[in-house]
Every structure is written in C-alpha cells, then in structure tokens.
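K.L.:
Attaching a predicted model along with its sequence, questions to come.
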Amino acid sequence: MENKIKYTPQGFSYVDVTLMDCISWGGLGICNSCGKVCKNLKLVWVLADTYCDDCFNDFLKRSAKSSAQDIEHDLNLQREQDIKWYKYHGVI
C-alpha cells in the first residue's frame, strides 16, 4: 500500500486523494490554501493537510527555494512520522 506515496523533487511525501477519501476521515475536500472544494487533492505530510493541484504546484515552487538545512530537518521528521500519518488517514 505504501506505493501510493509519491515524492516531490525535494523529497517531501504526498498522496493523491479523492473527495471520498477526505470524507472518510472527516475532511471536507477543501484545499487548505485557496479554500476550493475539489474532487482530487494532494494530502501532504509536511503541510499537514490537503491541497489542490494549483496550490500544490505553488508549494513546489516555494519549497525549491528552501534551505538545505530546513529541508533536511523536515525530511528527518517525515521519515519518523509520515507512514503512520497516511495510515491514520486510511490512504495507504
């Protein structure tokens, strides 16, 4: 099931989720950035929420400018916690 996890160029994990996935864990299928209701979203561990494609792409652009130290810090936390978090949401 863990093969559903994808990674950004910086190594941040995410899972493509549907509106029904969101509803199943009590979410509403709303992008945490722009507030649009979407049928398909990205559940992103490092951002701790769901994002539409446009806002996810904005995150990719911003994260490309992050320092190596900040990225490494986030990736260390991700290694410890993301699998459990995605399992909690029932997406892997």
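P.N.:
Great, that's in hand. As the structure is a computational prediction, the values presented were derived from the model and not from experiment.

K.L.:
can you give me the helices in the protein?
P.N.:
19-24, 53-63, 68-88 (DSSP state H).

K.L.:
residues touching residue 64, list them.
P.N.:
By CB atoms under 8 Å, 6 or more residues apart in numbering, the contact set of residue 64 is 9-10. From N, CA and C alone the C-beta is placed, and that goes for glycine too.

K.L.:
What residues are bridge-paired with residue 7?
P.N.:
residue 13 (DSSP bridges).

K.L.:
wait, it sits on residue 13?
P.N.:
Yes: using CB atoms under 8 Å, residue 7 makes contact with residue 13 at a distance of 5.7 Å.

K.L.:
And the closest residue to residue 12 other than its chain neighbours, how close does it get to residue 91?
P.N.:
Leaving aside its chain neighbours, residue 12 sits nearest to residue 46 (4.8 Å; criterion: CB to CB, 6 or more residues apart in numbering). Distance of residue 46 to residue 91, given as CB to CB, to the nearest Å: 15 Å.

K.L.:
In this protein, where is pLDDT below threshold?
P.N.:
1-2 (pLDDT under 70).

K.L.:
switch to 90 and redo it
P.N.:
Scanning the chain for pLDDT under 90 picks out 1-3.

K.L.:
residues in contact with the residue nearest in space to the middle of it?
P.N.:
Nearest to the mean C-alpha position of the chain, by CA atoms, centre = their mean, lies residue 44 at 0.9 Å. Going by CB under 8 Å, 6+ apart, residue 44 touches 12-14, 50-51, 56, 59.

K.L.:
Look up which residues are beta-bridged to it.
P.N.:
residue 14, residue 49.

K.L.:
Pull the contacting residues for residue 43.
P.N.:
14-17, 21, 49-50, 86, 89, 91.

K.L.:
Pick out the most distant pair among those residues.
P.N.:
16 and 49 (14.4 Å; CB to CB).

K.L.:
before we move on, the earlier item: with respect to residue 82, which of the contacts of residue 44 is nearest?
P.N.:
Distance to residue 82, by CB to CB, is smallest for residue 13 among those, at 4.9 Å.

K.L.:
That'll do, ta.
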